[in-house]
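Visitor: sharing a model that was predicted from the sequence below.
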Amino acid sequence: MSSAPTLSPAPDPGSSTLFQNYDPAPFFDELVAPDGQPRPCAKPMYEKLAEMPLEVYEERRKLADLSYLVQGITFTVYSDGRGTERLFPFDLVPRIIARSEWETIERGLAQRVTALNLYLQDIYGPQRILQDKVIPRQLVYSCKHFRREMAGLHVPKDIYVHISGIDLVRDSKSGEYLVLEDNVRSPSGISYVIENRLVMRRTFPRAFETSEVLPVDHYPAELVKILRSLSPRTGERPVIVLLTPGLYNSAYFEHCFLAQEMGIELVEGRDLVVSDNVVYMKTIRGLNRVDVIYRRVDDDFLDPLAFRTDSLVGVPGLMNAYRAGNVALANAVGTGVADDKAIYAFVPKFIKYYLGEDPILHNVETFLCSKPNELSYVLEHLPELVVKAVGESGGYGMLMGPMSDKKTIEEFREKLIADPRNYIAQPIVPLSRCPSFDPSKGGMSPRHVDLRPYCLYDGEKTTIVPGGLTRVALQPGSMVVNSSQGGGSKDTWVLRGDE
Amino acid sequence: MMPILNRYRLGHVTQFDYDGPVSESYNELRLRPRHDEGQSCLSFRISTDPASRPAAHLDFYGNWVHQFHILPEHRHLRVESEAVVLVHPPIHPPPSLMTLSELDAQSESLGDEYFDWLSPSAYCPLVPEIASLAAEIEKDCGGKVYDFVHTAENLINTRFKYQPGATHVNSSIIDCLTSLAGVCQDFSHLLLAVLRSRGIPGRYVSGYLVPRQSEDAQGAVERVIGGQASHAWVEALIPGAGWMGLDPTVGWFVDHQHIRIAYGRDYGDVPPVRGVYKGHAGQSLSVDVLVRPALDDDGSELLKETAAFPPPKPPVDGPPPPPQQQQQQQQQ
């Protein structure tokens, strides 16, 4: 797998191109301007693809797929009941972002991550924001991810969210990037970002010669640097582990990938033991003290003594070791009180409250069903709205009004009335699109995309690998990009310049 | 003048016997009495067998939590705690004159400030039976919050039968509503559900009840509750007047004979012992609680007297030393 494919493109200007009959209207297109010409940032890649005969493109697509298959880059879909692993469909056409645009996104994300951390520090500390009534206590306390166990617990360097994945969408109407969701518990997907780039480099080696694309492969090194800095034992070489729920988890591939890239141990709960509030790893040479845990196990399952007693994947006593300051966890416990979808509506206020700044990236308009007047609006307009369960992620527990039949809408109506706090609703954002290969057409068709950049926060600055994961709804017309719901991904390029 | 008997020595023994070997046992204890405006915890000691090194912290509600673990294989686990507590004479505020409609006018600000004490919880879900109980109480109470609270306490005390075994430790109020019988835990959950459904903040209190003298009219209740197990009751917030203790099991005012260990939204927040262990063995549990009046802040004289205290097991059948005798000693 180390050598790049040796096929070279054979331009044939006489035949039809992959971009024939490509019409970006009526949505914002990431690569193609409304006049049908490529945007400046996309021009070199566009021309390369436009020159490429279908057979050559198909050949490369097969090579790329094979590369994912042999590396076992898969994910698991829970809802189909089969627990089967699937390939995450990959579309070869990259999403390309101009440098100046990226810099705005980057500043907006850094601002948001900083504010979310200050909010968590406050909520589990003095609760100034509740006393000042910027957000109702009810909304925070009723959040199922609010962990009363975290109150007053001092976390290393006061950082709660070290790793976040903030979902962005570009609104076709304004052309502006909006924040759709914050993911500050255990966001996954970064391994696809790195692997997608690797595959792209093999598939289109020459494209990287003409476009200066900022690298993404330093993410594991940046992450391990932050993890190391959290170690409670200064002066010692910290022992860092990645705690996975195990191989049936949908992101198990990523857990293996990151542990390997960072050079840290991949462990399951049963590999760890807590004694006198110190965490140890069981090794063939005896117990080895653990300083930092990058945990990919949800709060609920992390410690059966503190949380769900039926959890078999956790480490009993871990919370006590954490409270005693003998081990650092990334992310902290209880961060879900920041990415609850009802709390999301208040994040612009957090930015104002904690930083005294206006948000650089705006939210999507959000209706809180917990507010009676907003609930009645939502109930009247269900067929036009997206409804989301506040504590869920991955596209589970969601209603897309315009794409749903009457029966589904009525089922949601009942759920909303029965448990309004559990739902929010948003207008459908007309997501921007990006050219993607359409097998039925044998050429490019526009498909809706979102963007999840991955942010690392070390307490002072936010490091964001340029780009992130572009997810694409491969079904014509679909705006649901979640991998569990049939979405695919693209490589995301941030250019060194604007062209 | 008789001195107020307000110092108590508490002993609490929990023993688990397993059918086979277990290991990696991790446990959390809420056994240390609260130290707050209502009472002072003068001393507290905890020990386990097999031996361990318990460490303590405060939980979200300011309750003491001791946690310990035992890694090697064992077949029994015994947890013993001892405390001396000084209960401050309660100050009974004059009955609040606040009406239920005045309370309703404050519901938004109360809801914000006392969210945890007003929301339904796992053991106290808001079921239709509770709403109809609350409506019945409201009809009889004359519109005052204070009277509503007392009427609710009385109604539960008289309508539901105290019957150990009618429910189990994980029962929610639904079991008790069906069988019309339960224990202090169920009655407290019922009262909480009724109060919260009417917008009155309420919290679940776990603690100990000092047995009254046998000539007391409550003798029958005492035999069941007094001395042998930990107890549970409720505190309700009457805006403007403060927190007020209510014991729906015995129907008494909560006074200096109630010793508070911990409070929370319901039993789930404050179990005396909670833990996990590895092993396939089943377990049996025995609990023994002793509450005795103490002579002084150290409880030292009684300590000597009961050097083997608490007894290994089984629970002592006889009544604790009659309070009369202790009062005499105090007078000496």
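Guide: Looks like it arrived, so ask away. Numbers count the residues shown, from 1 in each chain, chains lettered A, B, ... in the order given.
Visitor: need the nearest residue in space to the residue nearest the centre of chain B, chain neighbours excluded.
Guide: Residue closest to the average C-alpha location in chain B (CA atoms, centre = their mean): residue B:206, at 2.3 Å. Once flanking residues are discounted, residue B:206 sits nearest to residue B:270: 4.6 Å by CB to CB, 6 or more residues apart in numbering or on different chains. Where you see a C-beta, it was placed from the backbone N, CA and C, and this is true even at glycine.
Visitor: contacts only, for that neighbour.
Guide: Neighbouring residues of residue B:270 by CB atoms under 8 Å, 6 or more residues apart in numbering or on different chains: B:30, B:63, B:204, B:206, B:261, B:262, B:263, B:264.
Visitor: and for the residue lying closest to residue A:346 once chain neighbours are set aside, the neighbour number?
Guide: Leaving out its chain neighbours, the residue that sits closest to residue A:346 by CB to CB, 6+ apart is residue A:135, at 4.7 Å. Number of residues near residue A:135 (other CB atoms under 10 Å in any protein chain shown) recorded here: 20.
Visitor: same question, residue A:365
Guide: 11.
Visitor: same question for the one 5 residues further on.
Guide: Other residues lying near residue A:370 total 19 when counted by other CB under 10 Å.
Visitor: what values do phi and psi take at it?
Guide: Backbone torsions of residue A:370, given as degrees, to the nearest 10, read phi -70, psi -20.
Visitor: is it correct that it is in contact with residue A:421?
Guide: Yes. If you go by CB atoms under 8 Å, residue A:370 and residue A:421 touch, sitting 4.5 Å apart.
Visitor: which residues are in contact with both of these two?
Guide: Common neighbours of residue A:370 and residue A:421 are listed as A:139, A:342 (criterion: CB under 8 Å, 6+ apart).
Visitor: enumerate the residues of the stretch 101-250 of chain B near chain A.
Guide: Applying CB under 8 Å from any CB of the partner chain, we find that the stretch 101-250 of chain B lies next to chain A at B:111, B:112, B:113, B:115, B:116, B:119.
Visitor: using CSV, lay out those together with neighbour count, pLDDT and secondary structure.
Guide: What follows is these, written out as CSV (neighbours: other CB atoms under 10 Å in any protein chain shown; pLDDT from 0 to 100; DSSP: H, G, I helix; E, B strand; the rest coil):
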residue, neighbour count, pLDDT, secondary structure
B:111, 16, 91, helix
B:112, 16, 89, helix
B:113, 16, 91, helix
B:115, 19, 95, helix
B:116, 17, 97, helix
B:119, 16, 95, coil
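Visitor: need the residues of the stretch 151-300 of chain A near chain B, please.
Guide: Within the stretch 151-300 of chain A, the positions near chain B by CB under 8 Å from any CB are A:151, A:152, A:273, A:274, A:275, A:276, A:277.
Visitor: pLDDT weak spots in chain A?
Guide: Per-residue confidence for chain A (pLDDT under 70) gives these ranges: A:1-16, A:74-85, A:393-395, A:483-484.
Visitor: please parse the chain into its domains.
Guide: By default, I'm working from chain A. Domain segmentation of chain A under automatic domain parsing yields A:20-146+A:164-213+A:340-363+A:440-499, A:365-427.
Visitor: wait, I meant chain B there
Guide: Segmentation of chain B into domains, based on automatic domain parsing, reads B:7-88+B:273-331, B:100-254.
Visitor: what's whatever helix or strand residue B:109 lives in packed up against?
Guide: Using DSSP states H and E, residue B:109 sits in helix B:107-113. Contact partners of helix B:107-113 among helices and strands, from 3 or more CB pairs under 8 Å, 6 or more residues apart in numbering or on different chains; DSSP states H and E: helix A:137-141.
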